[in-house]
Structures are given as C-alpha cells and as structure tokens.
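Enquirer: Output the structure for:
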Amino acid sequence: MTSVGTRIDGKTWRTSISAFIFVNATAAWCITCLANEKVALGQQSVKDAFARNNIIYLKADWTHYDAGITSLLAQFGRNGVPLYVFFPADGAEPVVLPQLLRSATVIGAIEPRAAPQS
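Expert: Coordinates of the predicted model:
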C-alpha cells in the first residue's frame, strides 16, 4: 500500500486520477484510529483486497491539524477523525465507511465497487 501524508482534496482526486482510492484520515492521538488500523486496515485480508483491486491507499495524517485534511473532513460533514472514504474510479459517489471498522466492513465496501464489471 502507498501511504501519503500530504494535503488532501478529494474533489481533485476524483477528477484527476482514474483509480480507486481509499483515504484513511487519522491522527497519532486518535485511539479509535489506532484501533481501526490494528483490527481492520492492518489485517492481511484487507491489504490483499486493496492489492487485488489495485486500490491506492492514502493516509491523511491530521496529527498536527493540516488545513487540507480539515477541508476533506468538512466535505464529508466531519469535524474530526477518523474518516474513511473510498473513491470509486468511475467517478461514482464516494463511499464513507463507519468510524468503527472491521476487516469485513472494509472489504465489503470496496470489493463490490472495485470488481471488474462484465
């Protein structure tokens, strides 16, 4: 998985990158974020699903209150982390995942949308 700690603008990704993108907006002090990374995002089954579906994984680190990440949070009606958003490559509406994750929740949100359509 690719991890990026830079300014985030979901609208730009959707129009400039034709790829599946999963955004993990997190912070080092966020206990829920750390738990989700351990019990869901860090699990091999989730990593395998991201790889199998060519999903770009971006980590938006809000530990020091980055303005770009704050803007992303606001786009999705949030004023804090965690925020997990899956951006489909076809420009469909982003999918916001719940704040408490399980491996099955993540895989269930991405695989039906990332699977090749026949």
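Enquirer: can you confirm Val85 is in a helix?
Expert: No: the assignment for Val85 (DSSP: H, G, I helix; E, B strand; the rest coil) gives strand, which keeps it out of a helix.
Enquirer: Show the contacting residues for it.
Expert: 10, 22-23, 25, 72, 76, 94-97 (CB atoms under 8 Å, 6 or more residues apart in numbering). For the C-beta atoms, the positions are set from N, CA and C on the backbone; glycine is no exception.
Enquirer: which of these lies closest to Pro82?
Expert: Ala25 (6.4 Å; CB to CB).
Enquirer: can you pull up the bridge partners for that closest one?
Expert: Ala60, Leu83 (DSSP bridges).
Enquirer: hang on, Asn109 packs against Val96?
Expert: Careful, residue 109 is Ala; it's not Asn. No: with contacts defined as CB atoms under 8 Å, Ala109 does not count as touching Val96, sitting 9.1 Å away.
Enquirer: ok, the two, which is more surrounded?
Expert: Ala109 (20 against 15; other CB atoms under 10 Å).
Enquirer: Quick check: the more buried one vs Thr63, distance?
Expert: With the distance defined as CB to CB, to the nearest Å, Ala109 ends up 25 Å from Thr63.
Enquirer: Over to Ala19?
Expert: Counting by CB to CB - Ala19 and Thr63 are separated by 26 Å.
Enquirer: And Gln75, by the same measure?
Expert: 20 Å.
Enquirer: Neighbours of Phe87, how many?
Expert: 24.
Enquirer: just checking, it touches Val96?
Expert: No: the criterion here is CB under 8 Å, and Phe87 misses it with Val96 at 10.5 Å.
Enquirer: Tell me where the longest helix sits in this protein.
Expert: helix 103-114 (DSSP state H).
Enquirer: packing partners for it?
Expert: strand 20-26, helix 44-52, strand 83-87, strand 95-97 (3 or more CB pairs under 8 Å, 6 or more residues apart in numbering; DSSP states H and E).
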